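A.B. asks: Sequence and predicted structure, then a few things I'm wondering about:
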Amino acid sequence: MAVSNTCDGMRRRDFIKVGVAGSALSLSSYLRMAEAGEVKSTKATSAIFINLAGGPSHMDSFDLKPDAPAEYRGTFNPIKTNAAGVEFSEHLPKLALCADKFAVLRGVTHTLAAHQLGSEYVNTGNRPIPSLEYPGFGAVVSKELTAPPDLPPFVAIPNSPQRAGFLGVQYAPLNTNSTPQPGKPFSVRGIALANGLTIEEVERRQNLLQDLDRTFGSVEKESQLLSGLDRFSEQAYAIITSKRARQAFDVSKESPKFAEPFGTEGFGQSCLLATRLVESGVRFCSISLGGWDTHQDNFTKLKTKLLPTLDTGLAALLNGLHEKGLLESTAVFVTGEFGRTPKINTRSAEGGRDHYPRCMFMLMAGGGVKGGQVIGQSDEKATQPANEGYSPDDVAASFYHALGIDSTKEYHTNTGRPIMIVRDGKVIQKLFS
């Protein structure tokens, strides 16, 4: 997948690539949840995060204002959904038919209008500060929820802006660096390894490490560094050579009937892969869909490409999880870094919309979230929340709540500084009732 630049010149980050010598494959996670895993729970055990990079227009998707002045409302019309009283854009017909499976948050608000800062905010649930890098959702979930030893806990398709932050690179994602193609195997062997490594080279290194361990074990048995490297090597080797992992990544294993609704585009196929991964036991998947930075030709881009792509992939994801019996056990979170200006600019013949963090939408499903409802409200022109609104911190706290993770739990940096998972957010109880 090509790397895209946003309007402010920020190149999408050089995401961490998986390698045997790196830490992105580490399965380090606490066993605190192990016993709880034997207890039946309504909380989700996996999560799928969809990052709409660039900032999608709320007024042309999930928060239309048909009665607003023409310079605000745009050219799209609302359509009814299968949820009573809920309307979406006419270019989201498939999502309209499964609106009962997810909740829409309107009037989410913040003040960071730059792509990078906004992205860091919505991918961590914490307003960024210069002195500390907060861990993304995937890193926290990897730390809190135990994953099978032969599967990566956090997979990014094809990559993710989420970082491990102060938790350390052992909680960074395994990046696929590409998206699946319909009907073709997409296995662990297709994932890029650092410096062109192959599976055969991995096996040789594993054998070499075992020889070194036998040779120097008695001399270095007290070395924490060597024992740590040995544990990591075993974990990385288990994932790369695991038959279950290879099958989990192979979308061609799905029946044609199940795979068909996902379409042939990279985003839809990424959603198909995510359903396979969580079904296999991967705890966190992130999917990236960029291109939403529509300063010009907003309506053409949304109508012909962006909204239909999102509509097909996301609807198939939600329906597919439901069909597999995985929707309640999978927390789904969809967001961009901000919304777009309610008033249409005049930079092109049809106009566009600019960065606008004061009002945006987010979507949530699974993990006890009640579908078919709209939480929050924007004013008559979608310029701000009609009431107090919700912050990205609140939605993050709710996302963790759906996963049974206490967002007020404290971690410690390597200097001993205590940091809560989410500093300021409160769980939005209406999502779960």
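C.D. replies: Alright, I've got the coordinates.
A.B. asks: Give me the distance between the residue nearest to the spatial centre of the chain and Asn123.
C.D. replies: Centroid check for the chain by Cα atoms, centre = their mean gives Phe49 as the closest residue, at 2.2 Å. Distance, Phe49 to Asn123, by Cβ to Cβ, to the nearest Å: 8 Å. C-betas here are computed from N, CA, C, even on glycine.
A.B. asks: any residues in contact with both of the two?
C.D. replies: Residues within reach of Phe49 and of Asn123 at once, by Cβ atoms under 8 Å, 6 or more residues apart in numbering, are Phe137, Ser160, Gln162.
A.B. asks: from those residues, which ones fall inside helices?
C.D. replies: Mapping those onto helices (DSSP state H) picks out Phe137.
A.B. asks: Tell me the one of the shared contacts of Phe49 and Asn123 nearest Gly263?
C.D. replies: Closest approach to Gly263 among these (Cβ to Cβ): Ser160, at 21.9 Å.
A.B. asks: How far does stretch 174-185 stretch from one end to the other?
C.D. replies: Taking Cα to Cα, to the nearest Å as the measure, stretch 174-185 stretches 18 Å from start to finish.
A.B. asks: How far off centre is that stretch?
C.D. replies: Put simply, stretch 174-185 sits 16 Å off its chain's centre (Cα atoms, centre = their mean, to the nearest Å).
A.B. asks: can you tell me the average pLDDT over that stretch?
C.D. replies: Averaged across stretch 174-185, pLDDT comes to 89.
A.B. asks: Now it: buried residues?
C.D. replies: Under the neighbour-count criterion of 16 or more other Cβ atoms under 10 Å, stretch 174-185 has Leu174, Asn175, Thr176, Asn177, Ser178, Thr179, Pro180, Pro182 buried.
A.B. asks: Between these, which sits nearest Ala349?
C.D. replies: Ala349 has its nearest neighbour among the buried residues of stretch 174-185 in Thr179, at 32.6 Å by Cβ to Cβ.
A.B. asks: for that closest one, what are its contacts?
C.D. replies: By Cβ under 8 Å, 6+ apart, Thr179 lies in contact with Met1, Ile157, Pro158, Gly266, Phe267, Gln269, Ser270, Leu273.
A.B. asks: again, only using 7 Å
C.D. replies: Met1, Ile157, Pro158, Gly266, Gln269, Ser270 (Cβ atoms under 7 Å, 6 or more residues apart in numbering).
A.B. asks: In what element of secondary structure is it found?
C.D. replies: For Thr179, there is no host helix or strand (DSSP states H and E).
A.B. asks: Okay, the closest residue in space to Ile79 that isn't next to it in sequence and Thr275: tell me how far apart.
C.D. replies: Among residues not flanking Ile79 along the chain, Glu90 sits closest, at 4.9 Å (Cβ to Cβ, 6 or more residues apart in numbering). Look at Glu90 and Thr275: by Cβ to Cβ, they are 27 Å apart.
A.B. asks: neighbour count winner among those two?
C.D. replies: Thr275 (26 against 16; other Cβ atoms under 10 Å).
A.B. asks: what's the neighbour count on Met362?
C.D. replies: Neighbour count for Met362, taken as other Cβ under 10 Å: 26.
A.B. asks: right, and it touches Leu105 too?
C.D. replies: Yes - the criterion here is Cβ atoms under 7 Å, and Met362 meets it with Leu105 at 4.4 Å.
A.B. asks: In the contacts of Thr179, which residue is surrounded by the most others?
C.D. replies: Result: Ile157 is most packed of these (other Cβ under 10 Å), 30 neighbours.
A.B. asks: I figured it was touching Cys271, is that so?
C.D. replies: No - the pair Ile157 / Cys271 is not scored as a contact, 8.7 Å apart, by Cβ under 7 Å.
A.B. asks: got any residues that touch both of the two?
C.D. replies: Counting by Cβ under 7 Å, 6+ apart, the residues touching both Ile157 and Cys271 are Ile287.
A.B. asks: And the strands in this structure?
C.D. replies: Applying DSSP state E to the chain gives strands spanning 46-51, 78-80, 87-89, 103-108, 154-157, 174-175, 284-288, 330-335, 339-340, 355-356, 360-365, 373-375, 410-412, 418-420.
A.B. asks: Let me know the closest of the shared contacts of Phe49 and Asn123 to Glu260.
C.D. replies: Glu260 has its nearest neighbour among the shared contacts of Phe49 and Asn123 in Ser160, at 27.2 Å by Cβ to Cβ.
A.B. asks: quick one, what contacts that closest one?
C.D. replies: Ser160 sits next to Phe15, Asn51, Gly138, Pro173, Ser286, Ser288 when contact means Cβ under 7 Å, 6+ apart.
A.B. asks: In JSON lines, list these along with distance to Ser57.
C.D. replies: Output for the contacts of Ser160, formatted as JSON lines (distance: Cβ to Cβ, whole Å):
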{"residue": "Phe15", "distance to Ser57": "26"}
{"residue": "Asn51", "distance to Ser57": "16"}
{"residue": "Gly138", "distance to Ser57": "26"}
{"residue": "Pro173", "distance to Ser57": "28"}
{"residue": "Ser286", "distance to Ser57": "22"}
{"residue": "Ser288", "distance to Ser57": "18"}
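A.B. asks: least confident pick among these?
C.D. replies: Phe15 (34).
A.B. asks: Which member of the buried residues of stretch 174-185 is positioned nearest Leu302?
C.D. replies: Thr179 (21.1 Å).
A.B. asks: Excluding covalently adjacent residues, which one is nearest to that closest one?
C.D. replies: Gly266 is the one closest to Thr179 (Cβ to Cβ, 6+ apart), at 3.6 Å.
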